[in-house]
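S.K.: Attaching a predicted model along with its sequence, questions to come.
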Amino acid sequence: MPRARTTIRAAAVATATGLALSLAAALPAAADTVPSPGYPVEESALTPFLDQEIVWAECPEPELVAAGLECTEFEVPLDYGDPDGARLTIAASRAAATDPEERLGLLLINPGGPGGPARHMPAALSGTSAHGVYDLIGMDPRGTGASSPLDCGVEFPMIRPRASDAEISTDTREKIRYARACDAAEGDRFPHMTTANTARDMDVLRAASGEERINYLGYSYGTYLGPVYGSLFPERLDRSVLDSSIHPDGVWRDVFLGQAPAGTANMERYTEWLAEHDDVYGFGTDPEGIVALFDETSARLDEEPRDDVPNVELVDGATFDLLAFSASRDQGYWDVNSWFLRLLVDGEPVPGEEFEQPEMNPVFDMSMDLFSAVVCEAEWPDRLGLYHQQSREYRDAHPYGTGALWTAPQACTFTRNAPTEKPVELVRDGYPETLVIAADHDANTFYEGGPVMAERLESPLLTVTDEGGHGFYLMPDPYTGEPGHPCVNAVVDSYLIDGVVPQDTECGGIPRPGSPEVSTFDGDPGLLLTDVERPNEWLLPTAPR
């Protein structure tokens, strides 16, 4: 579940992989640091790691240097139960606080995954209010990015959303081969690539940095990593924000299965909007008829794939399904995305310069091997019949909501290297209230998880309404580059910077485009972005309705 909203083409490829606040009291000061039960051994056994020196220097990647970041590396044990055994190298980046006199400490940022590196993240928040008072830290989790990598040596097999019965069987055989390859290449390390151990790596970074506590900002999968750290090291976590929260009881298979119906619901919202604007986009006035048109296009592209679409190696039916899934999520860009899909439906050329969109960060490279290891920390069914039955059901019911993508068995089903410990029970006992954010139509981390996470942590929930996006705080608009969702930004800034805990509240999502007059459309997406008046609820937080 990578956090960042990407372009509809990049997202499809990756998938196929305070203001008017009703405020409570300010955050209390955290307790003094005391020994923590977060490690499986006495902390004295970890002294070589906790007392190592963190040296910040120039980053090896030009992209990070250009962003003004510094980098470092430090060592951690592969197995915290055996600190004298094998070691891993963990890489991190920093954007030091720009107002040292007002510095509040470290803000560790995780973009999601599992399997997503994080050293690029401080650049995303560079120059913001949070950057003024926090050292922004991006740590590549063990197994990702510039940290000691996990490499199974073979490509992760990805099943199509509309997989046929034969393809479902083939995918199972490929997953078995993949699991055996991981066992052979990384069998000694695979079981130790867990969320709990990543949280322990975060604590090593805290200690080696000379900090008593950390602050935390996590997106998507990062909304699980943060509470795991808080559960293991409660006296060492101060302020924390969980943006686009997962369901704490869904780790991991149910979290993935929930993406399918959430995606289907977004497609229903999107096609209803298209039907209302048939005079502009020409898809028809019947939402079901529009879905049928998409189905026909998907089938045609399966028979005759296209290799002439910019930024996509090949557009076949599966790619089209994922493109439509991605296009349906962010209603603020339904106009641009609709013209792109219109060209595919009509079989027309897609001019690259007219539909040029921002590329994904070159430093962000999702590790599916690490993903496969981390999700194995939870139990998975051992009955192949269940996987196959659900794959057929989801294929038919949710072709534009990931379909069979996550119903298929994973490496966890077949690996011989079981995780070393069970998932951490999430509890907030000893650290301040966190701020949980969830969007009501998020298809990556479905909304129901947000309220449950907030209740579990006895913390406030910020709901983003009429919004299908994923990841909100200070995330840039993909077209303007400006931070989107000012209401969310205001609530989070008040919490992170001023220590003010909001009550449960709401922010409106990015408004849907109006009916633009685009009869003179010349291919410039800028002409399609309607200058709609932003309603107050998009700018100001409100009490829940």
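M.R.: Cool, got the structure.
S.K.: Grab the longest helix from the chain for me.
M.R.: Ranked by residue count and defined by DSSP state H, the top helix of the chain is helix 165-186.
S.K.: which secondary structure elements does that helix contact?
M.R.: Helices and strands touching helix 165-186, as assessed by 3 or more CB pairs under 8 Å, 6 or more residues apart in numbering; DSSP states H and E, comprise helix 368-375, helix 384-397. (C-beta placed from N, C-alpha, C; glycine too.)
S.K.: mind checking how far that helix is from the chain centre?
M.R.: Its chain's average C-alpha position is 25 Å from that of helix 165-186, according to CA atoms, centre = their mean, to the nearest Å.
S.K.: which parts of the helix or strand just after it are buried?
M.R.: Heading C-terminal from helix 165-186, the first helix or strand you meet, by DSSP states H and E, is helix 195-208. For helix 195-208, a neighbour-count test (16 or more other CB atoms under 10 Å) marks 195-208 as buried.
S.K.: Adding pLDDT and distance to Asp286, write these out as TSV.
M.R.: Below are those laid out as TSV (pLDDT from 0 to 100; distance: CB to CB, whole Å):
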residue	pLDDT	distance to Asp286
Thr195	98	45
Ala196	98	50
Asn197	98	52
Thr198	99	48
Ala199	99	50
Arg200	99	54
Asp201	99	53
Met202	99	51
Asp203	99	56
Val204	99	58
Leu205	99	55
Arg206	99	56
Ala207	98	61
Ala208	98	61
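S.K.: Quickly name whichever of these is closest to Leu50.
M.R.: Closest approach to Leu50 among the buried residues of helix 195-208 (CB to CB): Ala207, at 4.1 Å.
S.K.: ok so, going back, wait, which of the buried residues of helix 195-208 is closest to Glu304?
M.R.: Ranked by distance to Glu304 (CB to CB), those are led by Thr195 at 43.4 Å.
S.K.: measure that closest one to Pro111 for me?
M.R.: According to CB to CB, to the nearest Å, Thr195 and Pro111 sit 15 Å apart.
S.K.: what's the answer for Phe320, then?
M.R.: For Phe320, the distance to Pro111 (CB to CB) stands at 27 Å.
S.K.: Over to Gly468?
M.R.: As for Gly468, its distance to Pro111 is 19 Å (criterion: CB to CB).
S.K.: Please apply the same query to Ser245.
M.R.: As defined by CB to CB, Ser245 lies at a distance of 14 Å from Pro111.
S.K.: higher neighbour count, those two?
M.R.: Ser245 (34 against 28; other CB atoms under 10 Å).
S.K.: Can you tell me how far the more buried one is from Asp442?
M.R.: Remark: distance between Ser245 and Asp442 (CB to CB) = 9 Å.
S.K.: Asp504 too?
M.R.: Taking CB to CB as the criterion, Asp504 is separated from Asp442 by 17 Å.
S.K.: between those two, who's got more neighbours?
M.R.: Asp442 (26 against 15).
S.K.: pretty sure the more buried one is touching Ile246, no?
M.R.: No - look at Asp442 against Ile246 with CB atoms under 8 Å: they stay out of range, at 10.2 Å.
S.K.: where does this structure have its least confident helix or strand?
M.R.: The least trusted helix or strand in the chain, going by mean pLDDT, DSSP states H and E, turns out to be strand 23-26, with a mean of 30.
S.K.: that older thread, what's the average pLDDT for the longest helix of the chain?
M.R.: What helix 165-186 shows for mean pLDDT is 98.
S.K.: Pull out the buried positions in it.
M.R.: For helix 165-186, the buried set under the neighbour-count rule, 16+ other CB under 10 Å, comprises 167-168, 171-172, 174-176, 178-183, 185-186.
S.K.: Next up, the contacts around Tyr431.
M.R.: Contacts here follow CB atoms under 8 Å, 6 or more residues apart in numbering; on that basis Tyr431 touches 30, 230, 234-238, 240.
S.K.: helix or strand for it, which one?
M.R.: Counting by DSSP H and E, there is no helix or strand that carries Tyr431.
S.K.: now Ala181, nearest residue through space, not along the chain?
M.R.: Nearest residue to Ala181 in three dimensions, chain neighbours excluded: Val154, at 4.4 Å (CB to CB, 6 or more residues apart in numbering).
S.K.: give the contact list for that neighbour.
M.R.: 177-178, 181.
S.K.: Tabulate the CA atom coordinates of stretch 289-305 in CSV.
M.R.: Output in CSV follows, covering the C-alpha atoms of stretch 289-305 (Å, rounded to 0.1, in the frame of the first residue of the first chain):
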residue,chain,number,x,y,z
GLY,A,289,-23.7,1.2,-19.6
ILE,A,290,-20.5,3.1,-18.9
VAL,A,291,-19.1,0.1,-17.0
ALA,A,292,-20.1,-2.2,-19.9
LEU,A,293,-18.2,0.2,-22.2
PHE,A,294,-15.2,-0.2,-20.0
ASP,A,295,-15.6,-3.9,-20.1
GLU,A,296,-15.7,-4.0,-23.9
THR,A,297,-12.5,-1.8,-24.0
SER,A,298,-10.7,-4.1,-21.5
ALA,A,299,-11.6,-7.2,-23.6
ARG,A,300,-10.5,-5.4,-26.8
LEU,A,301,-7.2,-4.4,-25.3
ASP,A,302,-6.7,-8.0,-24.2
GLU,A,303,-7.0,-9.0,-27.8
GLU,A,304,-5.1,-6.1,-29.2
PRO,A,305,-2.8,-4.5,-26.6
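S.K.: as a whole number, average confidence for it?
M.R.: Mean predicted confidence for stretch 289-305 is 98.
S.K.: Having no further points to raise, I will conclude here.
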